[in-house]
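Enquirer: Return atomic coordinates for the entry below.
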Amino acid sequence: MIKETLHAVSKFVNAKSPVLLSALGVGMLIGACFTTATAVTQAEKLLEARRRLLDDDEELDTIDKIETCWTCFIPTFILVVVGTVCVAVGHKILNAKYIAAGTALELTSRTLERTNQRMVQELGENKAKEIQKAVDTEIAEEQYNRSSDKSLIVTGHGDHLCQDGWTGVKFRSNIEDIKHAINEINFRLNTEMFINLNEFYYELNLPPTGVGKDLGWNVDYGPIEIRHTTAWDEEYNEPKMVISYSVEPKLDYQFCHNL
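Expert: Residues are numbered from 1 along each chain as shown. I've put the predicted structure just below:
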């Protein structure tokens with residue numbers, strides 16, 4: 001029982017280490033503010049006691065003052081140093097996790113690309129497209145089912161039922177406006193060099209998402225094209241258009257590199 005508890009605690013600490021270290025560091029820095037106030041009060045008392053031992057015409061110089069009260073500020077110094085280190089280490093661990101996640105996503109993207117190429121070689125282009133469309137539809141529906149907000153968004157740009165393959169969000173629009181939005185994103189991509197996923201959603205009058213600011217495209221990836229698949233929507237009992245991207249948005253989209 002004790003072993004299992006220690007293992008669970010160790011697992012939790014390892015998973016939450018960036019947050020715990022950052023919280024600990026911030027707490028220490030806040031504590032340093034309080035210890036500073038206490039240290040100043042103690043220092044003033046020590047200096048006053050030291051002045052009483054001097055003759056009337058003598059004064060404490062800077063070195064004397066430091067020698068008298070430097071020990072009062074040791075707790076503050078320790079808290080500031082350790083707190084800063086905790087915040088820095090927590091930030092470093094978090095960055096390492098983001099880099100690892102980005103690497104995993106990049107490898108997954110390359111694997112999928114090679115799988116698609118292999119399907120085309122083995123099954124033919126038409127059959128590969130059918131499989132890709134079926135996968136796009138399944139993934140979009142899975143994302144929708146995971147979402148806590150299943151409201152249908154009316155964009156004011158058409159009445160055709162659409163579904164974003166990345167988030168699973170369902171909305172009303174039309175293929176012309178969607179193509180116009182992706183053309184606008186490609187135009188901006190050529191001038192701004194990189195752009196996040198939320199910018200595409202803005203073009204469609206869709207609300208931003210939490211991951212939309214962290215994922216995006218780089219001009220180095222090449223132009224973005226839309227894949228659209230027609231499927232039957234059981235919830236609204238009508239056909240829908242599932243939207244996916246020829247170039248998937250990535251975590252490290254701000255950095256230029258050929259994939």
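Enquirer: so how many other residues sit close to residue 241?
Expert: 18 (other C-beta atoms under 10 Å). All C-beta atoms are positioned from the backbone trio N, CA, C, and that covers glycine.
Enquirer: Partner strands of the strand or helix carrying it and their direction?
Expert: According to DSSP states H and E, residue 241 maps onto strand 238-245. Here strand 238-245 is paired, per DSSP bridges, with strand 160-164 (parallel), strand 226-233 (antiparallel).
Enquirer: who touches the first one?
Expert: Identification of contacts with strand 160-164 by C-beta atoms under 8 Å, 6 or more residues apart in numbering yields 140-141, 144, 152, 169-175, 178, 201, 206, 233, 236, 238-243.
Enquirer: hang on, isn't residue 249 packed against residue 195?
Expert: No: using C-beta atoms under 8 Å, residue 249 is not in contact with residue 195; the gap is 9.4 Å.
Enquirer: quick one: common contacting residues for the two?
Expert: Shared contacts of residue 249 and residue 195, counting by C-beta under 8 Å, 6+ apart, come down to 216, 217.
Enquirer: re the thing from before, of the contacts of strand 160-164, buried ones?
Expert: Among these, those scoring as buried are 140-141, 144, 169-173, 178, 201, 206, 233, 240-243 (criterion: 16 or more other C-beta atoms under 10 Å).
Enquirer: Mind picking the one among these that's closest to residue 66?
Expert: If you rank the buried ones among the contacts of strand 160-164 by distance to residue 66 using C-beta to C-beta, residue 201 comes first, at 59.1 Å.
Enquirer: so what secondary structure elements neighbour the host helix or strand of that closest one?
Expert: Taking DSSP H and E as the definition, residue 201 sits inside helix 197-203. Secondary-structure packing of helix 197-203 (3 or more C-beta pairs under 8 Å, 6 or more residues apart in numbering; DSSP states H and E): helix 175-192, strand 216-218.
Enquirer: The residue nearest in space to the middle of the chain and residue 140: what is the separation?
Expert: By C-alpha atoms, centre = their mean, the chain has its centre lying nearest to residue 214, at 5.0 Å. With distances taken as C-beta to C-beta, to the nearest Å, residue 214 is found 20 Å from residue 140.
Enquirer: What of residue 228?
Expert: Distance, residue 228 to residue 140, using C-beta to C-beta: 11 Å.
Enquirer: hmm, back to that, list the residues that contact the residue nearest to the centre of the chain.
Expert: 196, 251.
Enquirer: One more pass at 7 Å, please.
Expert: With contact set as C-beta atoms under 7 Å, 6 or more residues apart in numbering, residue 214 has these partners: residue 251.
Enquirer: in the protein, which helix or strand is least confident?
Expert: helix 2-15 (a mean of 51; mean pLDDT, DSSP states H and E).
Enquirer: Could you list every helix and strand in contact with the helix or strand just after that one?
Expert: Heading C-terminal from helix 2-15, the first helix or strand you meet, by DSSP H and E, is helix 17-52. Packing partners of helix 17-52 (3 or more C-beta pairs under 7 Å, 6 or more residues apart in numbering; DSSP states H and E): helix 62-69, helix 74-123.
Enquirer: Which one of the ones you listed has the poorest average confidence?
Expert: When the helices and strands packed on helix 17-52 are ranked by mean pLDDT, helix 74-123 comes last with a mean of 65.
Enquirer: what angle do the following helix or strand past it and strand 160-164 make?
Expert: On the C-terminal side of helix 74-123, the closest following helix or strand by DSSP H and E is helix 125-146. Helix 125-146 and strand 160-164 meet at an angle of 80 degrees, taking axes from the mean of the first three to the mean of the last three C-alpha atoms, to 10 degrees as the criterion.
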